[in-house]
Every structure is written in structure tokens, then in C-alpha cells.
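J.: Generate a structure from the sequence data that follows.
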Amino acid sequence: MIDLVIGALKAIVIVLLVLNLTGVLLWFERKGSALIQDRIGANRAAVFGVGRRLGLPNLGLVNTLMADPLKLFTKQDFVPDGADHFLHGLAPFLALFPILITFAVVPIGDVLEIGSQTINLQAAHLDVAALYLLAALGISVYGLALGGWASNNRWSLLGGIRATAQMISYELALGLAFLSVIVTYGTLDLQQICRIQGGVWFGWLPRWGILVEPVSFLLLLTAGMAESKRVPFDVPEAESELVAGYFTEYSGGKQAVFMMTDFAEVVLVAVLITLFFFGGWQVPWLYRDGFHFPGPHGAFLRLPNYAIAILQIVSFWVKTVFFCAFQILVRWTLPRFRYDQLMQFGWKGLVPVGLLNLMVTALVVVLFGARY
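T.: Predicted structure coming up:
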């Protein structure tokens, strides 16, 4: 019973962290795009003028984290004539739910030992967690397809078809990147993948996956951004062509859920990059007993278990937020692909590179046993 309670609490905490991070990313995107385009951005709203009285700068946090969510979730829920009311309401949650459940298997730290109690900083431990991630990502397309079809709008249907084609196409490249990583590490366990990346090479260089599988890193980053359907891969929405794509006929809270799905996917891509290529919760030169600094006279700093766990959690989220910010900067830097360019880039570019990378990885592992 205690294990169930602890597991439920861990799952709730991780989901709340992800949902709150989506709001922060929306704020970062607004202010980041304003800086890139030499604008001020949202900075006017305040709560009873408290910030101004205290002399605090208003950076648009009130607009993004309070005013806009309140506005969206209190708007009228409009459903067009002829639409399927049940599927129209179900689609946004079918899009968001598969993304949220993937975070259940994400380890944000190693096993924490407090007295006789052992706590795995992972909501649900699965030996085949990498396959679970692929399966969950594969069903997220249903929400977008149903949203476009159930709206009884041709533009929405076209956006849903584009989203389905794009996600299915780039899932293949994403799966090939996963396979190369799995062959390299020799395990499907995400916690074990993080542990394997511990330690150093040459006495100082962290053993992170980016040094072993750089091609898989580029594949996963590119295909992951395509899966999140954001510029330069935002063809399913393409507001200049399709009004708003698959959620043209959505308003209020349902539209907000679709927007949350996009940012949750950004977080998931950043989490996957962190887990597979940047050590996950690993901190350079930090071991189970403390820091072992490199050098001929490397110092040693012993730390208690709880301090090591805190450092691991902070390390994981710092890396994740960095790659979230990177994706947002790319979104406001590159132009959108045309639809034919998008599909050619996936099938004629990423898929052949992914297959070649997988074959080379498998050959190296067979010949040299190079599983770290």
C-alpha cells in the first residue's frame, strides 16, 4: 500500500511539473519571439498594480500565467453544426493524455536510500520503458486526426490529414534513432541507460551518449521537433494557409488543451535528448558518495544521499529546460517547410540516414562489443 501511495505521489508531482513547465515555456516563447523580432512583448497586465508599487519589472508573467489561461478556460465552448459533439470534446484529451503518461517512466534521479527505505525517483519502473515511450507516442496521433475529422470543417480535416501523415512519417526516423541508442546501451531500461552514462573517460570527460551516438542525437532532435508539429515543421497547423489546421473549430478550454499538448511534446523531446545523450540525471564527476574532481590532485567532496538526489534532480531539469528553450529559439528562427519538402526530408533524408546509422552501430557492437 505504501508503495502505491509513493508511486501515485511521484506521478502527480511529475505531471504537475510538466504542466507548469508548459506554461513557463509559453511565456518564454512570447518574450523570446519579442526579443528576436525587436518587440517588447506582453508586459502590461498587473494584479492591482502590486508590481508597480513595489518597483518590480513586469515581464509578462501575469499575461501568460494568469490572464490568458483564465480567459481561455472561461470562454464559451463552441461546437460547429454537424460536428460530432462527443469526438469533438474527446479529441484534445486524446492528444494530451498519451504525452502525459510517457513521463511516468522518466527517471529524474537515481535510487534514493533513506534509512531502510529505498525510493526510486521514477514514478513507474519498466524494464522496457523505451518501447513504452514509442507506443505512447504512436497513439497520440489519434487525437489530432479525430479533432480534424469531427469538426465538420474541410480545413480542419485537411489539417488532421497533414498531421497524421507527418507524425507517422517522422515516427519511423524517431524509431530508428531509438533503436540505435538501444543497441548502443544494450538495454530498454531508462534508469539503467542513465546509470551507464555515469563515470568519465580519460579521467575527466563525462561518458554521455552524445559522444557515442551524435547522429542519433541529430535524428531524435529533428524527428522529435517534427512530431511536436512546430516551426519549421508546423505544416498541420500552418495558420497562414489553413487558418489553424486541425483545431480551427476549437475554442476555450479545448483549444488550450491542444496548445498544452504542443508544449508538452516540446518538454518530452527535451527529456528524451537529456536521457539518451546528456546523461539524464547524471552530474559530471558526481558519484554515489560525492564529487570526485578530475586532475592529478583531484579533490573529493563527500555528500549525503539527499544532497546527491537534489543535485541529480536539478541537473535533469536544467538540461531539460535548456533543450526546451533551444527548440523555441529554432521555432522563431527558421522558416516553414513546404509540404512536399517536409515529406521528402523525412523519407529521403532522415530515414536513410537512420537506417545507415543503425547498421553502423550494430556492426560496431558486433565486432567490438562497444556497449560502453
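J.: Just the strands from this protein, written as ranges.
T.: 111-114, 117-120, 200-201, 205-206, 290-292, 300-302 (DSSP state E).
J.: will you turn those strands into TSV that also has mean neighbour count?
T.: Any C-beta I mention is one placed from the backbone N, CA and C, and that applies to glycine too. Formatted as TSV, these follow (neighbours: other C-beta atoms under 10 Å):
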stretch	mean neighbour count
strand 111-114	14
strand 117-120	12
strand 200-201	12
strand 205-206	14
strand 290-292	16
strand 300-302	10
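J.: Point out the other helices and strands that the single longest helix found in the chain packs with.
T.: Longest among the helix segments of the chain by residue count, using DSSP state H, is helix 2-36. Packing contacts for helix 2-36, counted by 3 or more C-beta pairs under 8 Å, 6 or more residues apart in numbering; DSSP states H and E, involve helix 252-277, helix 305-331.
J.: make it 10 Å
T.: helix 61-62, helix 68-74, helix 85-102, strand 117-120, helix 252-277, helix 305-331 (3 or more C-beta pairs under 10 Å, 6 or more residues apart in numbering; DSSP states H and E).
J.: Residue 149: which of the ones you listed is closest?
T.: helix 85-102 (7.5 Å; C-beta to C-beta).
J.: Any stretches of the stretch 51-200 of the chain with poor pLDDT?
T.: Filtered on pLDDT under 70, the stretch 51-200 of the chain yields the residue ranges 51-58, 115.
J.: and if we set it to 90?
T.: Scanning the stretch 51-200 of the chain for pLDDT under 90 picks out 51-85, 110-126, 137-138, 140, 153-163, 198-200.
J.: The stretch 201-350 of the chain now?
T.: 201-205, 228-253, 255-256, 259, 262, 285-309, 331-339.
J.: Please repeat the previous calculation with a cut-off of 80.
T.: 203, 237-245, 295-300 (pLDDT under 80).
J.: For stretch 347-367, list every residue counted as buried.
T.: Residues 350, 351, 353, 354, 357, 358, 361 are the ones in stretch 347-367 that count as buried (16 or more other C-beta atoms under 10 Å).
J.: hang on, I meant stretch 224-238
T.: Those would be 224-238, for stretch 224-238 by 16+ other C-beta under 10 Å.
J.: ends of it, how far apart?
T.: 18 Å (C-alpha to C-alpha, to the nearest Å).
J.: In a markdown table, list the buried residues of stretch 347-367 along with distance to residue 251.
T.: Formatted as a markdown table, these follow (distance: C-beta to C-beta, whole Å):
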| residue | distance to residue 251 |
| --- | --- |
| 350 | 35 |
| 351 | 37 |
| 353 | 41 |
| 354 | 39 |
| 357 | 43 |
| 358 | 44 |
| 361 | 47 |
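J.: residue contacts, the most centrally placed residue in the chain?
T.: With distances taken as C-alpha atoms, centre = their mean, residue 268 lies nearest the centre of the chain, 1.7 Å away. Each residue near residue 268 by C-beta atoms under 10 Å, 6 or more residues apart in numbering is listed here: 18, 99-100, 102-103, 106, 133, 136-137, 140, 224, 227-228, 320, 324.
J.: What separation do you get for residue 81 and residue 249?
T.: 10 Å (C-beta to C-beta, to the nearest Å).
J.: does residue 332 really touch residue 234, like I thought?
T.: No. Using C-beta atoms under 10 Å, residue 332 is not in contact with residue 234, being 11.7 Å away.
J.: right, and residue 274 touches residue 319 too?
T.: Yes. Counting by C-beta under 10 Å, residue 274 touches residue 319, with 4.3 Å between them.
J.: Skipping its backbone neighbours, what lies nearest residue 39 in space?
T.: Nearest non-adjacent residue to residue 39, counting by C-beta to C-beta, 6 or more residues apart in numbering: residue 33, 7.7 Å away.
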